[in-house]
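Asks: need the 3D shape of this:
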Amino acid sequence: MAYFFNFPEKVEGWETGKKMRQSVIRKSLGTAPVPESEEHLTEMYKVYSLFSHINRQTVFYRLIGEGNRLTLGGQGNVDEKVVGANLRELLSQMVWFVDVFNFIFAKLGIILSKDYGQHMLAYRGEAAPLVKELPALFLGGVLPD
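Replies: Residues are numbered from 1 along each chain as shown. The predicted structure is shown next:
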């Protein structure tokens, strides 16, 4: 969505079934007017691809199976690092969802005020430093790489 928000002329090709390489999209977004870092996109891909299937590495963190520390009661509470990693994912998703909603507005032909556009883009500058301060699920974070 961020790619189409930055490059609206590419939407028509995608709608007609033109294949788009992910590597081209990641590189294009790195230098786009509203950029998205390649490192951030790679991290998001890794999180969503790993957690979309049940496996030994993520069962513990998905509240499935034995040895679950995320329930209340006798098993104890979750570690602060896990809470921070989940907050990091939520903030990253917020950035993505705001982009999606604004893309939908543009697609529907809804013209938003210039003030709204500037305010809408300003959240990226506020969220990005917070995301970097929180522990990652990977890259030396909660889950092994």
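
Asks: who's in contact with residue 49?
Replies: Counting by Cβ atoms under 8 Å, 6 or more residues apart in numbering, residue 49 touches no other residue. Glycine gets a C-beta too; all of them are placed from N, C-alpha and C.

Asks: measure it to residue 22 for me?
Replies: 12 Å (Cβ to Cβ, to the nearest Å).

Asks: next: residue 135.
Replies: 26 Å.

Asks: who's more crowded, the two?
Replies: More crowded of residue 135 and residue 22, by other Cβ atoms under 10 Å: residue 135, with 18 against 11.

Asks: what about the strands in the chain?
Replies: Counting by DSSP state E, no segments of the chain form strands.

Asks: which helix is the longest one in it?
Replies: helix 80-107 (DSSP state H).

Asks: counting neighbours, which bits of that helix end up buried?
Replies: 82, 84-86, 88-89, 91-92, 95, 98-99, 102-103 (16 or more other Cβ atoms under 10 Å).
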